[in-house]
Structures are given as C-alpha cells and as structure tokens.
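A.B. asks: Provided below for reference: sequence and predicted model.
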Amino acid sequence: MSKIFRLPHERRTTLKEYFLHPFRHDGHEEQRALQDVTFRVEPGEFFGIIGPNGSGKSTLLKIIAGIYRQDTGTVKVNGLLSPFIELGVGFNPELTARDNIRINGTLLGLTRRELGARFDDIVAFSELERFIDQKLKNFSSGMYLRLAYAIAVQVDFDILLLDEVLAVGDAAFQEKCFASFDRFRALGRTIVLVTHDLGVVQRFADRAVLLIGGEMRALGAPDDVTEKYEAFASPLAV
Amino acid sequence: MVEAPGTLHAPRPGGIAHRLRILQVIVLAEFKLKYAGSALGYVWSVVKPLTLFTVLYLVFTRIFKLGSVSEFYAVSLLVGIVFFSFFSDATNQGMVSLVHRESLLRRMRFPRMLIPTAATLTAAMTFGVNLVVVVAFIAWERIEPQLDWVLLIPLLVELYVFILGTALVLATLFISFRDMGQVWELAAQLMFYASPIIYPAALLPQWAQEIVFLNPFVQILQDVRALVLYDDLPANNVTAPDVLGEFGRLIPVGIALAVFGLGVALFKRYEPWFAERA
Ligand SMILES: Nc1ncnc2c1ncn2[C@@H]1O[C@H](COP(=O)(O)OP(=O)(O)OP(=O)(O)O)[C@@H](O)[C@H]1O
Ligand SMILES: [Mg+2]
C-alpha cells in the first residue's frame, strides 16, 4: 500500500489563480508518505509501529482508520475499530468536556443508552470529575489526552489504534494505560500502537514494524525491530 | 467496564439511526453553544434580520414609497429577509464547516456529509427562532390562518433541499479554493438584489421575471407570500405559474432537486480526500 500527498502550490489554491492563469501547469508537488507498506496484524495481537518523525506512522494509522485514502493497494479491517489519533478524538474546544464526551462517544458509535451507562466510567477513568463542565479549551494537554483515551477505550472495539497516547500523560496515567493494555490483551482485543517509546514496544508488542521515510525497514519481533531502529538512529551508523 | 467483543447487542456504527443520532447530538450542542452563555442569545439571533428589516422598511416606504405595492408590505419584506437570511447563513456555514472541523476530520471516520448537514440544520434552528417574529407580525396584521398553510411544509422542505445541495457544492469547492468565501458572499449579495425581496416581482420586466423565477429561492419565497398574504395586491402576488406557466412552474423545483443531486454527487466523489486537504 502506498500514499502520496499532493501539495498544491500556495498560489494555486484560489479560484482567482485559475481564472487569471488558466493554462499554467505548475500544479502540485508530491510528497511520498508511504511506499509499498505491507503487513498483516493477527486478531488479538499487540502490534507496534515505530520510526522517526515524519516517517509516515500517523498517516498509516489514518489510512487503516479510513480517514485518509491510500493511492495504491488495499486495506482490510475486520471488526469494529476505535481510533485514538494524535492526542485526541477530535474535540470542539468551545464546548464543555461533558458535551465533547457526548459528541465523540456518539461519533465512535455509542448509542444514547450506552453513553448514559458509560459516562461515569469515562469520567472516572480520566479522573477529571472536577473539570467535567469546563470548556475543553482550558484543559491541559495531559487532561485532554486522559479524556480522549477514556472515550476511545469505552467503545466495544475489536481493534484499537493508538497514536502518541503516552506522549503527555503523567506517570500515573501511563501506568493506567499499561494496565488497560494488559486487560485488552486478556480480552483478545487487537491493538496497534504508534510510539516513540521503544521500551513500551519491547514490553507489550508481539510484533513491530519500523518505518523510515515511508518505507518498511523491519518487521518482526519487537527486540529485533527496535534494535534496527537504534542502529539507524545512533550517530555511529550514519 | 469493558465487555468482550461479540457480546454487545448495540447496532454497529454507520446505520441510519446512528447518523441521525450524530446529527442530533452535534446540532443540539452547537445550538446550545450559540445561545447559552448569554440569556440574550435568542434576542441576538433576531436582531440581525430585524435591523436589516427596519432599515429597508424605512428607506423603501418613506423614500421610495414602495409600501403601496402591497397590503402587507411590512410582513412581505420581513418574510423575504428572514428567508434570505436562512439561505445565506446556512449556505455560508455549510461551506466552511468542513474546514472548521478539520481536526475532527483528521481524527475520526464518519460520514463527512454529516458536518455540512449539521451546519445547515443549526442555521435552520435560528431560522425557526426568526419565524416566531414573523408569526407575531402576521398576528398583528390580523391575517387569518388558512387550511392551505399546510402547503408551507413542502415549500420549506424544498427550500432545505436546495440549501443543503448548494452547501454541499460549496463545501466541496471550498476545500480546494479558499477564496470561494468571497465569491459566494458576492454571489449571495447579487442574489439578494436580483430577487423580489424589497420590491414586488411585478416591478421587473417580463423577461427578467422569467429569469429570476428559475431560482428556486424566488419561486419558494413567492409561493410562501402568496399562501400567507393570500389577499394581497396583484403586483406583489406573482408566483411561478404566472410567469413560467403551468408546466414551467416545475422548472425551479427541478433545479432545486438538480442542485441537490449535484451537491451529493460532487461531495461523494471528493469525500475520501477531505480529511487530508481540509
Ligand atoms: N494532510 C497532509 N498533507 C500533506 N502532507 C502530509 C499530510 N499529512 C502528513 N503529511 C506528510 O506525510 C509525512 C508523514 O507524516 P506523518 O504524520 O505520518 O509522520 P509520523 O511518522 O506520524 O511523524 P511523528 O513521529 O512526528 O508523529 C510527512 O512528511 C508529512 O509532512
Ligand atoms: Mg505522528
């Protein structure tokens, strides 16, 4: 599977430009974000994705989640998917945390009854009881993360996609996440985790993939894959 | 807290019930956001059309003496302004809605059409608030409600279909052309003056009437006025069949449906790339 972003030149994004210069063909640049990425994640597996900044990890997750469209190849998803992508499930910052839980829970597929039954669990998991009627724009990034994670895991998902979930949480919340990883694994859920924390990949993942510049450089046992990454990242290897 | 997969009986996301629920939750939250925070929220939403109404009413009755074209010039003008404000607000908000919700689009998968639909529905709620004022004016003019006012319902449905179709076209274009905002503002302004909102339709020459009545908005507005202000003077009581004929009257309805079809088709075609380009 491959993905190319077409980046229109700045001055080509207005109608005015099309009218003034209808035949100018400076079109767009291409940004190759993923190139021939192929792998299969087994049901119940914990799968890690690692790689440097801009290597295409988030793009890959968004394609799996059906948010971006790949240019070539196919993506097959069997089961209900719950995405947690780039620090959040997409909130409206002007609304209160309470309203955002309702909107995002609904978008993720919770019915009114499920939402009612799980609302307290979401709040309890995030430990944000005191802030539940505050506008989201006043939340710290860690609080934001807690809320988003709490909602994402309240969906009866088969597959959980996690991107940067450990980035800004404090130690206590990280431990909570780790405990939930173990619980999901025991329940046979599939987890795909993007992270820069190689220790977490070694500790939890069954397998991992290394992306560099949009290409797969390694796929297999977490220890081997993280070792490859470390070799690539260390200055001696350059 | 978390049940094993497969044990749940809840409908999986994506069905029609789920979509309606999403619309309900978003529209209610946005509406609350607009009107909560200030008790004057409802007042503010009627201030804009009422101000425009007052200014235009004074100018066109006192200076241009247009008041004599209609038994109910005030109600007629107010209906025109309130309907036009709905059209203009809903299409504008629908146009920018995808780009405004960019962070949501990039983090979740759901039918994208819900976003402009929710934006136009939120505008429809404001329209509903404005209609309360219109009803007050109608009562004050002692216009007797008629049985055939139920025909207002299909007209409002036609108006919403036309608005949603227009908003879908604009939202798709706005993703790629960020100056669509200016273009549409200008187009809407031209439409305001090209429509018989301030002046009676009969004031236009025949050939011009034949053109403006192709616009579904004009057809709907004139039908609404004819229903509500049923015993108005002939100059202000011109409807599509008068101008386009018994069969010709179907043309604006067809145009509204065609715009809707075009909007849905265009939107669906480019939907897969909205998230990355928004
Ligand atoms: N919507 C977009 N339009 C254009 N280019 C994009 C878009 N999204 C991502 N890219 C480009 O694709 C490449 C991969 O980005 P991506 O976000 O997948 O990286 P990443 O591996 O998640 O990085 P990080 O570790 O910093 O999160 C980058 O060069 C980025 O600029
Ligand atoms: Mg990323």
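C.D. replies: That came through fine. Here the structure is a predicted model, which means the values were calculated and not measured. Ligands and ions are numbered 1, 2, ... in the order given.
A.B. asks: Please make it C-alpha for all contacts and neighbour counts, starting now.
C.D. replies: OK.
A.B. asks: Is stretch B:106-124 positioned near chain A?
C.D. replies: Yes - Stretch B:106-124 lies within reach of chain A by Cα under 8 Å from any Cα of the partner chain, at B:Arg106, B:Arg107, B:Met108, B:Arg109, B:Phe110.
A.B. asks: and that stretch, how far out from the chain's middle?
C.D. replies: For stretch B:106-124, the distance between its averaged C-alpha position and the chain's averaged C-alpha position is 16 Å (Cα atoms, centre = their mean, to the nearest Å).
A.B. asks: ok, now stretch B:134-147?
C.D. replies: For stretch B:134-147, the distance from its own C-alpha centre to the chain's C-alpha centre is 22 Å (Cα atoms, centre = their mean).
A.B. asks: Other residues contacting that stretch?
C.D. replies: For stretch B:134-147, the surrounding residues in contact (Cα atoms under 8 Å, 6 or more residues apart in numbering or on different chains) are B:Phe72, B:Val75, B:Leu78, B:Val79, B:Val228, B:Leu229.
A.B. asks: same for ligand 1: which of these are within range?
C.D. replies: With Cα under 6 Å from any ligand atom as the criterion, no member of the contacts of stretch B:134-147 is in contact with ligand 1.
A.B. asks: Mind checking which of those residues are buried?
C.D. replies: In terms of neighbour count (16 or more other Cα atoms under 10 Å in any protein chain shown), the buried residues within those are B:Phe72, B:Val75, B:Leu78, B:Val79, B:Val228, B:Leu229.
A.B. asks: quick revisit: for the residues of stretch B:106-124 next to chain A, give me JSON lines that also has pLDDT.
C.D. replies: Shown next, in JSON lines, are those (pLDDT from 0 to 100):
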{"residue": "B:Arg106", "pLDDT": "92"}
{"residue": "B:Arg107", "pLDDT": "90"}
{"residue": "B:Met108", "pLDDT": "89"}
{"residue": "B:Arg109", "pLDDT": "89"}
{"residue": "B:Phe110", "pLDDT": "90"}
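A.B. asks: Can you redo these as CSV, where the extra columns are neighbour count and secondary structure?
C.D. replies: Listed next are the residues of stretch B:106-124 next to chain A as CSV, based on neighbours: other Cα atoms under 10 Å in any protein chain shown; DSSP: H, G, I helix; E, B strand; the rest coil:
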residue, neighbour count, secondary structure
B:Arg106, 21, coil
B:Arg107, 24, coil
B:Met108, 24, coil
B:Arg109, 20, coil
B:Phe110, 19, coil
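A.B. asks: What residues does B:Gln222 make contact with?
C.D. replies: The neighbours of B:Gln222, taking Cα under 8 Å, 6+ apart as the test, are B:Asn237, B:Val238, B:Thr239, B:Ala240.
A.B. asks: In helices, which of those residues appear?
C.D. replies: With helices defined by DSSP state H, the entries of the contacts of B:Gln222 inside them are B:Ala240.
A.B. asks: Name the member of the contacts of B:Gln222 with the most neighbours.
C.D. replies: Neighbour counts for the contacts of B:Gln222 were taken using other Cα atoms under 10 Å in any protein chain shown; the highest belongs to B:Ala240, with 25 neighbours.
A.B. asks: nearest residue to it other than its sequence neighbours?
C.D. replies: Leaving out its chain neighbours, the residue that sits closest to B:Ala240 by Cα to Cα, 6 or more residues apart in numbering or on different chains is B:Arg249, at 5.1 Å.
A.B. asks: Please apply the same query to A:Thr38.
C.D. replies: Beyond its immediate neighbours in the sequence, the residue positioned closest to A:Thr38 (Cα to Cα, 6+ apart) is A:Met1, lying 6.2 Å away.
A.B. asks: Can you get me a residue count around the one you found?
C.D. replies: Neighbour count for A:Met1, taken as other Cα under 10 Å: 16.
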